[in-house]
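> Kindly generate the corresponding structure for this input.
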Amino acid sequence: MEKTFVMVKPDGVRRGLVGRIIGRFEDAGLRLVGIKIMRPDEGLVRRHYPDDPGWLRIVGEKTLGTYREYGMDPVERMGTDDPVEIGRWVREGLVEFITSGPVVAMVWEGNHAVEVVRKLVGSTIPLFAQPGTIRGDFSVDSPDLANREGRPVYNLIHASGDAEEAEREVKLWFRDEELCTS
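Residues are numbered from 1 along each chain as shown. Coordinates of the predicted model:
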């Protein structure tokens with residue numbers, strides 16, 4: 001049995017999708033062991049999205065890839081084509097977005113919970129998410145539109161990427177006594 005962290009982002013909360021999202025995880029046989037609705041403060045969100053050069057570079061490279069794919073000029077839009085600087089720009093957008101409204105933070109438990117949740121959630125880019133996944137069924141946002149509007153991709157939900165990240169995120173968002181694991 002493994003635990004994983006899931007957050008319904010402000011766009012999912014605003015659209016009233018929390019119950020439907022929870023139902024998807026319950027239907028798959030996962031067990032909800034922690035939940036809270038909150039408006040996270042900036043400090044918490046900054047700890048959630050690391051200011052790590054490796055992470056920033058990966059995020060920046062993904063953004064640059066989108067710019068190339070859609071024939072957009074990152075220097076014109078952001079003043080740079082340095083992936084770490086672009087990663088910082090993306091991180092700032094995420095911090096602003098996640099603190100813009102309430103989120104629902106959850107911990108789910110089950111057999112291979114991290115992998116199961118990632119499958120149910122779908123691609124981080126809703127445009128590419130398969131039908132039947134949460135993002136594929138409830139969103140059509142895309143990086144080109146988000147980049148043109150100077151905002152993060154609205155993809156409804158965050159799910160831990162691997163077991164190590166899940167452990168870190170569960171501890172960041174929940175105290176041990178907030179989890180009902182028995």
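
> From now on I want contacts and neighbour counts done on CA atoms only, so please keep to that.
Noted.

> Report the contact partners of the residue nearest in space to the middle of the chain.
To find the centre residue of the chain, average its C-alpha atoms and take the closest one (Cα atoms, centre = their mean): that gives residue 158, at 2.7 Å. With Cα atoms under 8 Å, 6 or more residues apart in numbering as the criterion, the residues that contact residue 158 are 6, 7, 8, 9.

> hang on, isn't the third one packed against residue 105?
Same thing as residue 8. Yes - under the contact definition of Cα atoms under 8 Å, residue 8 touches residue 105, with a separation of 6.6 Å.

> still on that earlier bit, tell me the mean pLDDT for the strand or helix carrying the residue nearest to the centre of the chain?
Using DSSP states H and E, residue 158 sits in strand 157-159. Model confidence over strand 157-159 averages 98 on the pLDDT scale.

> immediately after that strand, which helix or strand?
Towards the C-terminus, the helix or strand next in line after strand 157-159, according to DSSP H and E, is helix 163-173.

> With only the CA atoms kept, save that following helix in CSV.
What follows is helix 163-173, C-alpha atoms only, in CSV (Å, rounded to 0.1, in the frame of the first residue of the first chain):
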residue,chain,number,x,y,z
ALA,A,163,6.7,7.7,-4.6
GLU,A,164,9.5,10.0,-3.4
GLU,A,165,7.6,13.2,-4.5
ALA,A,166,4.4,11.8,-2.9
GLU,A,167,6.1,11.2,0.4
ARG,A,168,7.5,14.8,0.4
GLU,A,169,4.2,16.4,-0.7
VAL,A,170,2.1,14.4,1.8
LYS,A,171,4.4,15.6,4.7
LEU,A,172,4.3,19.2,3.3
TRP,A,173,0.5,19.5,3.1
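
> what's that helix in contact with?
Contacts with helix 163-173, where a contact means Cα under 8 Å, 6+ apart, come from 2, 3, 4, 5, 44, 47, 48, 105, 107, 114, 160.

> Tell me where the model's unsure across the protein.
For the chain, the stretches with pLDDT under 70 are 182.

> For this protein, which segments count as strands?
For the chain, the strands defined by DSSP state E occupy 2-8, 31-38, 103-110, 157-159.

> on that earlier part again, parallel or antiparallel, list what pairs with the strand holding residue 158.
Each strand paired with strand 157-159, and its direction, by DSSP bridges: strand 2-8 (antiparallel).

> starting at the chain centroid, how far to the strand it pairs with?
With Cα atoms, centre = their mean, to the nearest Å as the basis, strand 2-8 stands 11 Å off its chain's centre.

> got the angle for that strand vs strand 103-110?
Here strand 2-8 runs at 160 degrees with respect to strand 103-110, directions being taken by axes from the mean of the first three to the mean of the last three Cα atoms, to 10 degrees.

> How about strand 2-8, which residues are buried there?
Within strand 2-8, the residues that qualify as buried by neighbour count (16 or more other Cα atoms under 10 Å) are 3, 4, 5, 6, 7, 8.
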